[in-house]
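Asks: predicted model follows, preceded by the sequence.
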Amino acid sequence: MTNQTVTSPTLPLEQEIAQIQQLIDADDHAAALARLRLPLQKYPENRDVLLLRAHCGRFLRRIDDALASLDMLGAL
């Protein structure tokens with residue numbers, strides 16, 4: 001699978017999330033998780049970002065990471 005979108009650190013969060021969601025919809029969870037790195041650094045308490053991280057972790061069988069993301073989400 002090729003990633004047709006380019007990561008841009010200047011994208012508004014909503015656009016970045018939409019592009020990450022497109023990767024998830026295409027079952028490219030590894031690429032989606034990689035794209036989440038910058039939003040996670042910039043917005044570590046954003047619920048959408050944490051939920052997407054948990055979702056990707058679950059599909060990549062990184063259950064501990066997924067649960068940690070859900071714990072962070074629950075603490076907000």
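Replies: Sure, I can see it.
Asks: where does this protein have low pLDDT?
Replies: 1-10 (pLDDT under 70).
Asks: now with 90, please.
Replies: 1-11, 76 (pLDDT under 90).
Asks: what about the strands in it?
Replies: For the chain, no strands are identified by DSSP state E.
Asks: how many residues are close by the nearest residue to Leu40 once chain neighbours are set aside?
Replies: Using CB to CB, 6 or more residues apart in numbering and skipping the chain neighbours, the partner closest in space to Leu40 is Val49 (5.8 Å). Where you see a C-beta, it was placed from the backbone N, CA and C, and this is true even at glycine. By other CB atoms under 10 Å, the residues close to Val49 number 23.
Asks: and the gap between Val49 and Met72?
Replies: 10 Å (CB to CB, to the nearest Å).
Asks: same deal with Gln19?
Replies: Taken as CB to CB, the span from Gln19 to Met72 is 22 Å.
Asks: counting neighbours, go ahead and name the busier of those two.
Replies: Gln19 (18 against 15).
Asks: circling back to that earlier point, can you name the residues that contact the residue nearest to Leu40?
Replies: Contacts of Val49 were listed using CB atoms under 8 Å, 6 or more residues apart in numbering, and they are Leu13, Ile17, Leu36, Pro39, Leu40, Tyr43.
Asks: nearest residue to Ala32 in space, please, no chain neighbours.
Replies: Per CB to CB, 6+ apart, closest to Ala32 is Leu23, 3.9 Å.
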